[in-house]
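1. 3D model of this:
(one chain, ligands or ions: 1)
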Amino acid sequence: MTKLVMESTDCLLCGSSNREEAETLHWKGEDLIYAICRECGLKYMSRRPTAAWYAQFYRDEFWQESRLQKRSYDPGSTTKSTMAWQEDGLSSDELEKRVTRSRKRQIWRAQRIWRITEKFFELGPESTVLEIGAGWGKFLELVMKETGCRAAAVEPSEMARQYMSETLGVSLAARSFEEIGGLDDFKGKTDLVVCSHVLENTIDPIDNLRNIRNLLSQQGIVYIDTCNLYYNNAINPYHPYVFCPETLRSILLAAGLEPVYMEHEGHPARVSRISDIQKAKYLAVVARKGPSKKMIDRPEMVVSMAQEKGKILMSRGRKLHALKKIVKRLFPFAAR
Ligand SMILES: [Zn+2]
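-> Model (predicted):
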(Lines give C-alpha, C1' and ligand atoms only; values in the text may rest on other atoms or scores of the structure.)
Protein backbone atom coordinates (compact mmCIF):
# COMPACT_ATOMS: atom_id res chain seq x y z
CA MET A 1 0.00 0.00 0.00
CA THR A 2 1.48 3.34 -1.06
CA LYS A 3 1.12 6.34 1.25
CA LEU A 4 -1.29 8.96 -0.07
CA VAL A 5 0.02 12.31 -1.38
CA MET A 6 -2.73 14.92 -0.87
CA GLU A 7 -3.64 18.35 -2.29
CA SER A 8 -6.44 20.93 -1.88
CA THR A 9 -8.31 22.58 -4.75
CA ASP A 10 -11.09 25.00 -5.75
CA CYS A 11 -13.90 24.38 -8.28
CA LEU A 12 -12.53 23.29 -11.66
CA LEU A 13 -15.57 24.53 -13.56
CA CYS A 14 -15.94 28.12 -12.31
CA GLY A 15 -12.78 28.61 -10.23
CA SER A 16 -14.74 29.59 -7.12
CA SER A 17 -13.64 28.67 -3.60
CA ASN A 18 -17.20 29.29 -2.33
CA ARG A 19 -18.30 25.79 -1.40
CA GLU A 20 -20.22 23.72 1.07
CA GLU A 21 -18.49 20.66 2.46
CA ALA A 22 -20.48 17.47 2.01
CA GLU A 23 -18.94 14.11 2.95
CA THR A 24 -15.57 13.08 4.32
CA LEU A 25 -14.05 9.72 3.41
CA HIS A 26 -11.27 8.09 5.41
CA TRP A 27 -8.90 6.21 3.19
CA LYS A 28 -5.38 4.95 3.76
CA GLY A 29 -5.01 7.15 6.84
CA GLU A 30 -6.15 10.44 5.21
CA ASP A 31 -9.37 12.49 4.99
CA LEU A 32 -10.76 13.00 1.49
CA ILE A 33 -13.27 15.86 1.52
CA TYR A 34 -16.18 16.30 -0.92
CA ALA A 35 -17.68 19.75 -1.47
CA ILE A 36 -20.45 21.25 -3.61
CA CYS A 37 -19.60 24.54 -5.37
CA ARG A 38 -22.13 27.20 -4.36
CA GLU A 39 -21.60 29.04 -7.66
CA CYS A 40 -22.07 26.27 -10.20
CA GLY A 41 -23.13 23.11 -8.33
CA LEU A 42 -20.10 21.00 -9.28
CA LYS A 43 -19.50 18.27 -6.72
CA TYR A 44 -15.79 17.66 -6.31
CA MET A 45 -13.15 16.55 -3.85
CA SER A 46 -11.71 19.74 -2.40
CA ARG A 47 -9.06 17.65 -0.60
CA ARG A 48 -7.84 14.71 -2.63
CA PRO A 49 -4.87 12.60 -3.69
CA THR A 50 -2.69 14.15 -6.42
CA ALA A 51 -2.84 13.15 -10.10
CA ALA A 52 0.60 11.52 -9.85
CA TRP A 53 -0.50 9.45 -6.86
CA TYR A 54 -3.66 8.22 -8.65
CA ALA A 55 -1.61 7.31 -11.73
CA GLN A 56 0.58 4.87 -9.83
CA PHE A 57 -2.46 3.55 -7.94
CA TYR A 58 -4.32 2.62 -11.15
CA ARG A 59 -1.17 1.12 -12.60
CA ASP A 60 -0.21 -1.07 -9.66
CA GLU A 61 -2.97 -1.39 -7.10
CA PHE A 62 -6.53 -0.83 -8.35
CA TRP A 63 -7.37 -4.37 -9.46
CA GLN A 64 -4.96 -6.17 -7.22
CA GLU A 65 -5.44 -4.63 -3.82
CA SER A 66 -8.30 -2.27 -3.33
CA ARG A 67 -11.92 -3.24 -3.17
CA LEU A 68 -15.04 -1.40 -2.27
CA GLN A 69 -16.65 -3.19 0.64
CA LYS A 70 -19.55 -0.97 1.58
CA ARG A 71 -20.97 2.23 0.26
CA SER A 72 -23.50 4.76 1.37
CA TYR A 73 -25.80 6.94 -0.71
CA ASP A 74 -26.85 9.54 1.83
CA PRO A 75 -25.77 12.98 0.68
CA GLY A 76 -24.92 15.36 3.47
CA SER A 77 -24.76 12.65 6.12
CA THR A 78 -21.54 11.64 7.79
CA THR A 79 -20.27 8.51 6.14
CA LYS A 80 -17.54 7.70 8.63
CA SER A 81 -19.30 4.69 10.02
CA THR A 82 -20.68 3.30 6.77
CA MET A 83 -17.76 3.46 4.37
CA ALA A 84 -14.91 0.97 4.44
CA TRP A 85 -12.39 -0.40 2.00
CA GLN A 86 -10.51 -3.64 2.00
CA GLU A 87 -6.91 -2.67 1.51
CA ASP A 88 -5.15 -5.97 2.09
CA GLY A 89 -4.04 -7.92 -0.92
CA LEU A 90 -6.67 -10.25 -2.41
CA SER A 91 -6.00 -13.97 -2.62
CA SER A 92 -5.68 -15.27 -6.18
CA ASP A 93 -9.12 -16.95 -5.92
CA GLU A 94 -10.75 -13.72 -4.80
CA LEU A 95 -8.99 -11.76 -7.52
CA GLU A 96 -10.18 -14.24 -10.16
CA LYS A 97 -13.78 -13.96 -8.90
CA ARG A 98 -13.57 -10.20 -8.94
CA VAL A 99 -12.21 -10.14 -12.49
CA THR A 100 -14.95 -12.53 -13.72
CA ARG A 101 -17.66 -10.36 -12.15
CA SER A 102 -16.12 -7.26 -13.66
CA ARG A 103 -16.00 -8.83 -17.16
CA LYS A 104 -19.69 -9.76 -16.92
CA ARG A 105 -20.55 -6.21 -15.92
CA GLN A 106 -18.54 -4.89 -18.85
CA ILE A 107 -20.49 -7.05 -21.32
CA TRP A 108 -23.71 -5.42 -20.13
CA ARG A 109 -22.10 -1.96 -20.35
CA ALA A 110 -20.82 -2.71 -23.86
CA GLN A 111 -24.35 -3.50 -25.05
CA ARG A 112 -25.63 -0.26 -23.60
CA ILE A 113 -22.87 1.81 -25.27
CA TRP A 114 -23.62 0.10 -28.61
CA ARG A 115 -27.38 0.74 -28.29
CA ILE A 116 -26.82 4.44 -27.66
CA THR A 117 -23.97 5.14 -30.11
CA GLU A 118 -24.82 3.07 -33.17
CA LYS A 119 -27.38 5.57 -34.51
CA PHE A 120 -24.73 8.33 -34.61
CA PHE A 121 -22.22 6.74 -36.98
CA GLU A 122 -21.54 4.28 -39.74
CA LEU A 123 -18.35 2.48 -38.86
CA GLY A 124 -16.47 0.18 -41.22
CA PRO A 125 -13.03 -1.38 -41.65
CA GLU A 126 -11.53 2.06 -42.28
CA SER A 127 -12.91 3.52 -39.04
CA THR A 128 -10.95 3.98 -35.83
CA VAL A 129 -12.42 3.48 -32.37
CA LEU A 130 -10.52 4.34 -29.20
CA GLU A 131 -11.69 3.44 -25.73
CA ILE A 132 -10.19 5.20 -22.73
CA GLY A 133 -10.16 3.06 -19.61
CA ALA A 134 -11.11 0.05 -21.72
CA GLY A 135 -10.82 -2.42 -18.83
CA TRP A 136 -11.30 -5.91 -20.24
CA GLY A 137 -12.11 -4.53 -23.72
CA LYS A 138 -15.66 -5.85 -23.93
CA PHE A 139 -16.99 -2.86 -25.89
CA LEU A 140 -14.04 -2.94 -28.29
CA GLU A 141 -14.65 -6.65 -28.84
CA LEU A 142 -18.31 -5.94 -29.67
CA VAL A 143 -17.66 -2.96 -31.98
CA MET A 144 -14.92 -4.85 -33.89
CA LYS A 145 -17.31 -7.77 -34.41
CA GLU A 146 -20.20 -5.54 -35.55
CA THR A 147 -18.27 -3.18 -37.85
CA GLY A 148 -14.80 -4.60 -38.59
CA CYS A 149 -13.26 -1.30 -37.40
CA ARG A 150 -9.79 -0.81 -35.98
CA ALA A 151 -9.89 -0.74 -32.19
CA ALA A 152 -7.37 0.64 -29.74
CA ALA A 153 -7.36 0.93 -25.97
CA VAL A 154 -6.02 3.25 -23.32
CA GLU A 155 -5.70 1.24 -20.12
CA PRO A 156 -3.32 1.43 -17.16
CA SER A 157 -3.79 -2.04 -15.65
CA GLU A 158 -1.17 -4.57 -16.79
CA MET A 159 -3.59 -7.45 -16.21
CA ALA A 160 -6.27 -5.89 -18.40
CA ARG A 161 -3.78 -4.83 -21.11
CA GLN A 162 -2.46 -8.34 -21.43
CA TYR A 163 -5.98 -9.78 -21.73
CA MET A 164 -7.01 -7.30 -24.43
CA SER A 165 -3.92 -7.67 -26.55
CA GLU A 166 -3.52 -11.45 -26.24
CA THR A 167 -7.15 -12.59 -26.18
CA LEU A 168 -9.00 -9.94 -28.20
CA GLY A 169 -6.34 -8.57 -30.55
CA VAL A 170 -6.95 -4.98 -29.45
CA SER A 171 -4.01 -2.63 -29.96
CA LEU A 172 -2.77 -0.69 -26.93
CA ALA A 173 -2.46 3.04 -27.61
CA ALA A 174 -1.49 4.42 -24.18
CA ARG A 175 -1.60 3.71 -20.49
CA SER A 176 -3.41 6.73 -19.07
CA PHE A 177 -5.98 9.39 -19.94
CA GLU A 178 -3.29 12.03 -19.40
CA GLU A 179 -1.19 10.51 -22.21
CA ILE A 180 -3.80 10.86 -24.98
CA GLY A 181 -2.61 14.41 -25.79
CA GLY A 182 0.45 12.75 -27.35
CA LEU A 183 -1.38 10.24 -29.57
CA ASP A 184 -0.45 11.85 -32.91
CA ASP A 185 -1.60 8.85 -34.99
CA PHE A 186 -5.16 9.36 -33.71
CA LYS A 187 -5.39 13.17 -33.98
CA GLY A 188 -8.31 14.24 -36.17
CA LYS A 189 -8.80 10.63 -37.30
CA THR A 190 -10.77 8.92 -34.54
CA ASP A 191 -14.41 8.25 -35.41
CA LEU A 192 -15.55 7.16 -31.96
CA VAL A 193 -13.97 7.73 -28.55
CA VAL A 194 -15.55 5.85 -25.64
CA CYS A 195 -15.04 6.93 -22.08
CA SER A 196 -17.21 4.79 -19.82
CA HIS A 197 -17.04 5.43 -16.07
CA VAL A 198 -13.69 7.15 -16.41
CA LEU A 199 -14.18 10.93 -16.48
CA GLU A 200 -15.18 11.09 -12.80
CA ASN A 201 -11.93 9.29 -11.94
CA THR A 202 -9.69 12.02 -13.39
CA ILE A 203 -8.27 15.13 -11.76
CA ASP A 204 -8.82 17.49 -14.74
CA PRO A 205 -11.80 16.33 -16.81
CA ILE A 206 -11.90 19.57 -18.88
CA ASP A 207 -8.32 19.18 -20.06
CA ASN A 208 -8.87 15.50 -20.78
CA LEU A 209 -12.00 16.28 -22.82
CA ARG A 210 -10.07 18.89 -24.83
CA ASN A 211 -7.57 16.16 -25.69
CA ILE A 212 -10.43 13.89 -26.77
CA ARG A 213 -11.78 16.69 -28.96
CA ASN A 214 -8.41 16.89 -30.74
CA LEU A 215 -8.55 13.19 -31.54
CA LEU A 216 -12.00 13.30 -33.17
CA SER A 217 -12.41 13.20 -36.94
CA GLN A 218 -14.72 15.78 -38.58
CA GLN A 219 -17.80 13.60 -38.01
CA GLY A 220 -16.36 11.89 -34.95
CA ILE A 221 -18.28 11.47 -31.72
CA VAL A 222 -17.41 10.85 -28.11
CA TYR A 223 -19.52 8.69 -25.80
CA ILE A 224 -19.26 9.33 -22.08
CA ASP A 225 -21.08 7.76 -19.19
CA THR A 226 -20.81 8.42 -15.48
CA CYS A 227 -22.83 8.19 -12.24
CA ASN A 228 -25.71 10.66 -11.90
CA LEU A 229 -25.39 12.60 -8.61
CA TYR A 230 -29.17 13.00 -8.26
CA TYR A 231 -29.68 9.23 -8.06
CA ASN A 232 -26.29 7.77 -7.43
CA ASN A 233 -24.11 9.84 -5.15
CA ALA A 234 -21.10 7.74 -6.05
CA ILE A 235 -18.63 9.09 -3.53
CA ASN A 236 -15.58 6.88 -3.22
CA PRO A 237 -11.82 7.41 -3.14
CA TYR A 238 -11.57 6.89 -6.91
CA HIS A 239 -14.01 9.69 -7.84
CA PRO A 240 -12.65 13.26 -7.57
CA TYR A 241 -16.00 14.34 -9.15
CA VAL A 242 -19.64 13.26 -9.07
CA PHE A 243 -21.51 14.84 -11.99
CA CYS A 244 -25.19 15.65 -12.52
CA PRO A 245 -26.71 16.35 -15.98
CA GLU A 246 -26.10 20.10 -15.70
CA THR A 247 -22.48 20.01 -14.51
CA LEU A 248 -21.54 17.29 -17.03
CA ARG A 249 -22.98 19.41 -19.82
CA SER A 250 -21.07 22.49 -18.60
CA ILE A 251 -17.80 20.51 -18.42
CA LEU A 252 -18.31 19.29 -22.01
CA LEU A 253 -19.09 22.78 -23.33
CA ALA A 254 -16.04 24.24 -21.57
CA ALA A 255 -13.92 21.66 -23.41
CA GLY A 256 -15.46 22.55 -26.81
CA LEU A 257 -17.75 19.53 -27.08
CA GLU A 258 -21.42 19.95 -28.00
CA PRO A 259 -23.74 17.33 -26.48
CA VAL A 260 -26.08 15.90 -29.14
CA TYR A 261 -27.73 13.29 -26.95
CA MET A 262 -28.07 12.86 -23.19
CA GLU A 263 -29.78 9.95 -21.48
CA HIS A 264 -30.93 10.46 -17.93
CA GLU A 265 -34.03 11.14 -15.91
CA GLY A 266 -34.16 14.72 -14.67
CA HIS A 267 -36.09 14.15 -11.51
CA PRO A 268 -36.68 10.93 -9.57
CA ALA A 269 -40.43 11.65 -9.45
CA ARG A 270 -40.47 10.82 -13.15
CA VAL A 271 -38.81 7.47 -12.63
CA SER A 272 -41.71 5.12 -12.19
CA ARG A 273 -40.79 2.10 -14.28
CA ILE A 274 -38.14 -0.43 -13.35
CA SER A 275 -36.52 -0.02 -16.76
CA ASP A 276 -35.92 3.67 -16.07
CA ILE A 277 -33.70 3.01 -13.08
CA GLN A 278 -30.51 2.36 -15.00
CA LYS A 279 -31.13 5.44 -17.13
CA ALA A 280 -31.45 7.52 -14.01
CA LYS A 281 -28.49 6.04 -12.14
CA TYR A 282 -26.08 6.68 -14.97
CA LEU A 283 -25.75 9.64 -17.30
CA ALA A 284 -24.85 8.79 -20.87
CA VAL A 285 -23.83 11.51 -23.32
CA VAL A 286 -22.91 11.60 -26.99
CA ALA A 287 -21.07 14.77 -28.07
CA ARG A 288 -19.46 16.22 -31.20
CA LYS A 289 -16.88 18.95 -31.74
CA GLY A 290 -18.31 22.40 -31.06
CA PRO A 291 -17.08 25.84 -30.05
CA SER A 292 -15.71 26.20 -26.52
CA LYS A 293 -18.30 27.89 -24.29
CA LYS A 294 -18.42 28.76 -20.64
CA MET A 295 -21.96 28.00 -19.63
CA ILE A 296 -23.38 26.93 -16.33
CA ASP A 297 -26.91 25.66 -16.41
CA ARG A 298 -29.31 26.86 -13.70
CA PRO A 299 -26.75 26.88 -10.85
CA GLU A 300 -29.29 27.49 -8.05
CA MET A 301 -31.33 24.49 -9.09
CA VAL A 302 -28.24 22.28 -9.31
CA VAL A 303 -26.97 23.31 -5.89
CA SER A 304 -30.32 22.79 -4.20
CA MET A 305 -30.85 19.42 -5.90
CA ALA A 306 -27.37 18.34 -4.80
CA GLN A 307 -27.67 19.61 -1.24
CA GLU A 308 -31.21 19.82 0.05
CA LYS A 309 -33.40 17.58 -2.01
CA GLY A 310 -30.72 14.93 -2.23
CA LYS A 311 -32.05 12.85 0.64
CA ILE A 312 -35.61 12.67 -0.68
CA LEU A 313 -34.39 11.84 -4.15
CA MET A 314 -32.06 9.13 -2.92
CA SER A 315 -34.77 7.59 -0.79
CA ARG A 316 -37.00 7.24 -3.82
CA GLY A 317 -34.11 5.79 -5.80
CA ARG A 318 -33.44 3.25 -3.05
CA LYS A 319 -37.10 2.16 -2.98
CA LEU A 320 -37.01 1.58 -6.71
CA HIS A 321 -33.81 -0.42 -6.36
CA ALA A 322 -35.37 -2.57 -3.65
CA LEU A 323 -38.40 -3.13 -5.88
CA LYS A 324 -36.15 -4.13 -8.75
CA LYS A 325 -34.44 -6.73 -6.54
CA ILE A 326 -37.81 -8.23 -5.54
CA VAL A 327 -38.97 -8.38 -9.16
CA LYS A 328 -35.71 -10.06 -10.14
CA ARG A 329 -36.17 -12.67 -7.43
CA LEU A 330 -39.77 -13.37 -8.42
CA PHE A 331 -39.15 -13.35 -12.16
CA PRO A 332 -35.53 -14.39 -12.67
CA PHE A 333 -36.00 -14.59 -16.44
CA ALA A 334 -37.33 -11.07 -16.83
CA ALA A 335 -35.10 -8.89 -19.00
CA ARG A 336 -33.24 -5.96 -17.49
ZN1 LIG B 1 -18.03 26.09 -9.42
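
2. any idea which element the residue of the stretch 101-250 of the chain found nearest the ion lies in?
-> In the stretch 101-250 of the chain, the residue that lies nearest the ion is Thr247 (8.4 Å; Cβ to the ion). All C-beta atoms are positioned from the backbone trio N, CA, C, and that covers glycine. Element membership for Thr247 (DSSP states H and E) is helix 245-254.

3. Number of residues surrounding Asp184?
-> Asp184 has 9 neighbouring residues, counting by other Cβ atoms under 10 Å.

4. can you list the domain ranges for the chain.
-> Domain assignment for the chain by automatic domain parsing gives 6-86, 98-291+299-330.

5. Which stretches in the stretch 151-300 of the chain count as helices?
-> Taking DSSP state H, counting those that start in this stretch as the test, the helices found in the stretch 151-300 of the chain are 158-163, 205-215, 245-254, 276-281, 299-307.

6. And the stretch 1-150 of the chain, by the same measure?
-> Taking DSSP H, counting those that start in this stretch as the test, the helices found in the stretch 1-150 of the chain are 51-60, 62-65, 92-117, 138-147.

7. which one of these has the lowest average pLDDT?
-> For these, mean pLDDT drops lowest on helix 62-65, to a mean of 60.

8. Show the pLDDT at the spatially most central residue of the chain.
-> With distances taken as Cα atoms, centre = their mean, His197 lies nearest the centre of the chain, 2.3 Å away. Looking at His197, its pLDDT reads 91.

9. For it, which residues are in contact?
-> The contact partners of His197, by Cβ atoms under 8 Å, 6 or more residues apart in numbering, come to 109, 133, 225-227.

10. So which of the helices of the stretch 1-150 of the chain is nearest Gly290?
-> Smallest distance to Gly290 across these (Cβ to Cβ): 17.7 Å, for helix 92-117.

11. which parts of the closest one are buried?
-> By 16 or more other Cβ atoms under 10 Å, the buried positions in helix 92-117 come out as 95, 99, 106, 109-110, 112-114, 116-117.

12. What residues does this protein have near the ion?
-> 11, 13-14, 16, 37, 39-40, 42 (Cβ under 5 Å from the ion).

13. and those residues, which are buried?
-> The neighbour-count test (16+ other Cβ under 10 Å) marks 11, 13-14, 37, 39-40, 42 as buried among the residues of the chain next to the ion.

14. Understood, closing this out.
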